[in-house]
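[1] how would this look folded up:
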Amino acid sequence: MNSRLSSFFLTCAMFTLPGFVPGSASAAQPGAPVEKFQQLDQMLPSPTPTRLASGAPGAAYWQNMADYDIDVELDDARCHLTGKATVTYHNHSPDFLTYLWVQLDQNYQSHDADSRAAPNVRRGLDLKKIGYGAVERMLAQEKYDGAMKVSALTDAAGAPLPHTVVKTMLRLDLPQPLAPGADFVFKITWDFAINDAKKMPERTGFEFFKNDNNCIHTIAQWFPRMAAYTDYGGWINKQYLGTGEFTLEFGNYQVRITTPDDHLVGATGVLENPDVVLSPAQRERLQLARNEFEKPVFIVTPEEAAAAEKKPVSAGKKTWVFKAEKVRDFAFASSRKFIWDAMAVAGATHPPTPRLPGGATDRMLRPPVMAMSLYPKEGMPLWDKYSTHAIAHAIQVYSRYSFDYPYPVCWSVNGPVGGMEYPMMTFNGPRPLEDGTYPERTKYALIGVVIHEVGHNYFPMIVNSDERQWTWMDEGLNSFLQSLAEEEWEKEYPRRRTERDITAYMLQSDRVPVMSNSESIAELGPNAYGQPTVALNLLREHILGRELFDHAFKTYASRWMFKRPTPSDFFRTMEDASGVDLDWFWKGWFYSVDHVDIAIDDVKWLQLDSRDPAVEKPKTEQEKKDLPQTLTRLRNADLPKRVDTFPELKDFYDTYDDATVLPSDRKKYESLLKDLAEAKIDPALLKTARNFYVVDFSNVGGLISPLILKLEFTDGTSMETTLPAEIWRYNTTKTAKLFMTEKQLKAVTFDPRQELVDCDVENNFWPRRPIKTRFQLFKEEEQPNPMRELTKPAKEEKKIEPTPAAP
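    Next up, the predicted model:
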């Protein structure tokens with residue numbers, strides 16, 4: 001559409017259109033919905049001296065602690081665990097506590113667990129086709145009772161303490177209220193049967209190898225753990241139903257793990273008795289690994305592991321002693337099958353190296369962080385090549401975007417658990433096929449899951465968010481950083497959960513907001529992992545920019561290191577450190593179920609009316625002549641005309657040229673020039689040789705988005721421009737933008753690189769373009785014919801031998 005832009009409008013409206021806001025050209029319509037730009041204040045908890053309005057912990061911030069002294073024995077033959085612990089609980093809160101809550105998450109696997117009584121039937125499940133594994137799991141659960149049996153609970157002096165088990169929680173009633181600043185010591189004894197994690201996949205369990213009659217044990221959620229008492233929610237004692245993970249307190253651990261004496265054990269913390277449990281050769285190799293930054297060193301070689309798994313089961317026992325400080329949990333792995341390799345992480349030391357004056361460091365005085373892997377021979381050749389390198393890579397990348405890794409070691413263990421994280425300890429499942437080959441997907445699955453689970457050491461093992469309530473605070477942030485680490489692994493790394501992968505989920509009508517409780521999310525992967533990942537990438541690349549985002553994100557991580565943030569602390573810190581109001585972004589991406597769908601509705605082409613009749617009248621007349629003739633006019637052109645037969649019917653107007661400049665036209669134009677001179681406006685503006693285009697947009701999906709546009713011109717050139725999300729601030733459903741250019745516009749594309757998660761690309765073009773897709777041909781299935789099968793059986797086809805390859 002081409003129309004004229006009045007010069008009066010030009011001089012009085014300063015290049016904006018009526019009804020449009022200067023600078024943004026956003027349509028201002030009465031009653032337009034603007035709630036998407038309202039502030040989050042009414043949705044977030046009020047700031048307190050504990051949690052400040054800036055998103056930082058305040059001077060009054062507190063969190064409780066729990067220290068553990070544990071003895072545990074692994075019965076490899078029975079797959080049974082027995083433990084006893086002395087727990088010292090430190091009340092740093094300002095409150096008197098009359099009872100303590102203790103988590104018995106292992107009860108999730110008891111016969112009467114809520115998770116079994118009310119199992120989820122995931123949407124989309126075809127009830128006519130149930131997998132073999134699902135039936136095998138149900139059959140195994142009929143026999144297996146994984147309840148954690150608490151056999152004793154006493155105070156420090158051995159006096160029994162009253163307590164009540166509430167499914168996966170235990171309430172310990174105190175003899176007297178625990179005052180602020182006071183400690184309470186209790187002792188607890190327990191045991192339980194370990195689950196077969198191949199038949200009953202969980203975050204913990206054993207894997208049995210029939211060929212060599214050995215097990216790998218990856219043990220987690222194995223001891224009674226203190227529930228968190230918080231300033232924002234009191235006791236976090238929501239039941240463990242299997243989805244919402246863990247909300248825990250930091251503490252110090254001394255753990256003695258007794259296993260068969262031919263087992264190899266990896267665990268959270270530092271091994272305190274290597275002289276007792278490791279051979280001289282293993283200790284020597286471990287020392288070599290501390291100085292190896294390029295290639296993992298075998299501490300236990302594949303040959304040694306293969307020999308160990310073939311030996312008769314030993315009746316002897318060995319106790320491994322581990323010490324861990326300032327951790328929120330403890331996990332371990334044990335097996336006689338393990339190969340063990342290790343290397344030092346370049347640039348990472350324990351404790352983290354402080355910077356000295358002049359930028360120097362005392363790094364040489366501090367031991368390096370160690371990356372270590374445990375895996376059976378079935379994990380080769382993938383694990384020996386990629387696992388330990390992936391640990392080191394994750395630590396190096398994550399430390400740049402958050403803080404230096406504060407622990408001395410990080411493990412990756414191959415076993416029955418697909419992917420799970422604990423302080424300094426990760427369980428990861430991908431391994432090659434039995435013939436030693438592997439699909440490309442398995443290779444990247446291993447690299448990706450190791451990076452992801454190691455990354456969880458940062459979120460939530462150190463930035464200690466409440467997983468039971470908000471899964472996205474650790475999974476979403478971690479998946480986002482995982483994507484950054486994968487981009488630095490290799491060019492064109494095949495990432496998951498990209499902007500294009502998640503559009504189908506964003507279009508679902510029954511999805512829930514990211515801010516939903518963990519147990520209420522049907523599709524946890526897209527909701528808590530994928531959507532926050534693409535949202536944060538959008539924020540980094542297109543809203544804040546990398547420099548502002550990286551500074552704000554690192555500020556959040558540093559502020560809440562070894563503390564417990566809530567969503568409001570994250571939202572407020574990102575705004576506080578970036579200086580950008582992002583309330584509209586959090587509302588849309590985390591609190592709503594809107595999706596991105598921006599449509600280009602129309603493009604209007606305007607040219608400046610110079611108001612000079614000598615210029616404009618001929619131009620107008622020529623435009624009329626250039627209009628296409630209708631078929632009726634063309635067919636009637638040769639018909640005899642009455643005025644030609646009777647010339648006397650012609651008058652002045654039969655020869656008058658509409659392009660003729662009249663005296664009144666000239667006088668009016670001269671008056672305009674006089675008015676401009678008096679107003680000190682340069683009349684040369686009337687001669688501006690530019691094209692003006694108004695592009696109209698609709699927000700069909702409801703989710704506010706910046707507008708990345710590609711403008712293509714008739715001369716073959718193009719340009720990209722980004723309009724900030726604030727273009728929608730006066731009307732969140734309709735907006736428009738005025739462009740001025742010397743060139744003639746040919747086409748406009750929204751989101752040309754398809755990176756804004758737009759869920760309908762068909763309306764992203766002006767003029768509209770067909771969207772290419774593919775279809776497949778198929779053959780109708782032949783109907784069953786019992787008569788033919790029984791009366792005319794088919795002859796067996798002659799086996800065709802493969803043609804030998806040419807020499």
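
[2] show me what contacts Asp612?
    Listed by CB atoms under 8 Å, 6 or more residues apart in numbering, the contact set of Asp612 reads Tyr669, Leu686. Yep, even glycine has a C-beta here, placed from its N, CA and C like the rest.

[3] against Asp501, how distant is Ala228?
    34 Å (CB to CB, to the nearest Å).

[4] those two: which has the busier surroundings?
    Ala228 (25 against 15; other CB atoms under 10 Å).

[5] the more buried one touches Arg564, doesn't it?
    Yes - between Ala228 and Arg564 there is a contact under CB atoms under 8 Å: 7.1 Å.

[6] between the two, what contacts are shared?
    Gln63, Asp466.

[7] tally of neighbours for Trp472?
    Residues near Trp472, counting by other CB under 10 Å: 28.

[8] and Trp190, how many neighbours does it have?
    Neighbour tally, Trp190, other CB under 10 Å: 22.

[9] and it, what does it touch?
    Thr82, Gly83, Lys84, Met148, Lys149, Val150, Ser151, Phe223, Pro224.

[10] so what pairs up with the first one in the strands?
    In this entry, Thr82 is beta-bridged to Glu73, Asp191, by DSSP bridges.

[11] for it, give me its contacts.
    Per CB under 8 Å, 6+ apart, neighbours of Thr82: Val72, Glu73, Asp75, Trp190, Asp191.

[12] per-residue pLDDT, the fourth one?
    Right, the one you point to is Trp190. Looking at Trp190, its pLDDT reads 98.

[13] and what of the first one?
    In this prediction, Val72 carries a pLDDT score of 98.

[14] surely it is in contact with Arg256?
    Yes - counting by CB under 8 Å, Arg256 is a contact partner of Val72 at 7.2 Å.

[15] and those two? which has more neighbours close in?
    Between Val72 and Arg256, counted using other CB under 10 Å, the more crowded position is Val72 (22 against 16).

[16] quick check: nearest residue in space to that one, chain neighbours excluded?
    Gly83 (4.0 Å; CB to CB, 6 or more residues apart in numbering).

[17] and His542, by the same measure?
    Pro706 is the one closest to His542 (CB to CB, 6+ apart), at 5.4 Å.

[18] His111 now?
    Asp145 is the one closest to His111 (CB to CB, 6+ apart), at 4.8 Å.

[19] what about that neighbour, neighbour count?
    14.

[20] got the contact list for it?
    Neighbours of Asp145 in contact, by CB under 8 Å, 6+ apart: Gln109, Ser110, His111, Ala193.

[21] and these, which of them are buried?
    Gln109, Ser110, Ala193 (16 or more other CB atoms under 10 Å).

[22] can you give me the buried ones in the lengthiest helix in the chain?
    If you go by DSSP state H, the chain has its longest helix at helix 382-401. Neighbour counts over helix 382-401 (16+ other CB under 10 Å) mark 382-384, 386-401 as buried.

[23] where do the helices sit along the stretch 351-500 of the chain?
    Here the stretch 351-500 of the chain has its helices, by DSSP state H, counting those that start in this stretch, at 382-401, 440-455, 472-487.

[24] of all residues in this protein, which one is nearest the centre?
    Taking CA atoms, centre = their mean, the centroid of the chain lies closest to Thr533, which sits 2.8 Å from it.

[25] and that one, its phi and psi?
    Dihedral pair for Thr533: phi -60, psi -50, per degrees, to the nearest 10.
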